[in-house]
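Enquirer: sequence and computational prediction follow.
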Amino acid sequence: MREEALARVAELNREGKLEEAQAALVELSAAYPDDPDVARETAYAHDRLGLEREAVPYYEKALELRADDRLGVFTGFGSTLRVLGRYDEALEALERGLAEFPGDPALRAFRAMALHNKGAHREAVSALVKLVSEGEQAGGYGRALAYYADNLDLVVP
């Protein structure tokens, strides 16, 4: 039953029937309240529809029950909390995610946004510059960007 229901939800998502998928997952969550992967998929379904507040308890359940795709769960949960204005909780979730997935670019970017939202603009910019410095998009400026990420206010007299 569970596997068939999840396959049907995946099909509904592919067809763009997001409301139907979300409704099916809410029913599935009621039938399988201790299933971490059902909780994860239900959280994602709510987020796809812009129902962030309703997604939160499903994210919490997915993390508590150790769902697969923990990286996606931490990223979605942190992002959702940030959008809801729950910046301290967002930072906590994102930092927990970074403890399990050190260096993940998406977690780091969402963390920088949450820092910005809390008014920690310097730390947020520094984090984003460091992130850019590590990627190919930095061109030949990776080392310089990494240096300036820690020295944002450096002015040579």
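Expert: Thanks, I have it. Numbering: from 1, shown residues only.

Enquirer: okay, the most centrally placed residue in the chain and Asp47: tell me how far apart.
Expert: Residue closest to the average C-alpha location in the chain (Cα atoms, centre = their mean): Thr75, at 1.6 Å. Thr75 sits 11 Å away from Asp47, taking Cβ to Cβ, to the nearest Å as the criterion. Every residue, glycine included, has its C-beta placed from N, CA and C.

Enquirer: hmm, which helix or strand of this structure has the shakiest average pLDDT?
Expert: Lowest mean confidence among the helices and strands of the chain (mean pLDDT, DSSP states H and E): helix 2-14, at a mean of 94.

Enquirer: which helices and strands does that one pack with?
Expert: helix 18-31, helix 36-48 (3 or more Cβ pairs under 8 Å, 6 or more residues apart in numbering; DSSP states H and E).

Enquirer: any idea how far Arg111 lies from Ala90?
Expert: 8 Å.

Enquirer: need the contact list for Glu92.
Expert: By Cβ atoms under 8 Å, 6 or more residues apart in numbering, the contact set of Glu92 is empty.

Enquirer: want to try JSON lines for the helices and strands packed on helix 2-14, with distance to Leu98 as columns?
Expert: Listed next are those as JSON lines, based on distance: least, Cβ to Cβ, whole Å:
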{"stretch": "helix 18-31", "distance to Leu98": "28"}
{"stretch": "helix 36-48", "distance to Leu98": "19"}
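
Enquirer: single out the most deeply packed of those helices.
Expert: The highest mean neighbour count among the helices and strands packed on helix 2-14, using mean count of other Cβ atoms under 10 Å, belongs to helix 36-48: a mean of 23.

Enquirer: and the angle from it to helix 2-14?
Expert: Calculated by axes from the mean of the first three to the mean of the last three Cα atoms, to 10 degrees, helix 36-48 forms an angle of 20 degrees with helix 2-14.
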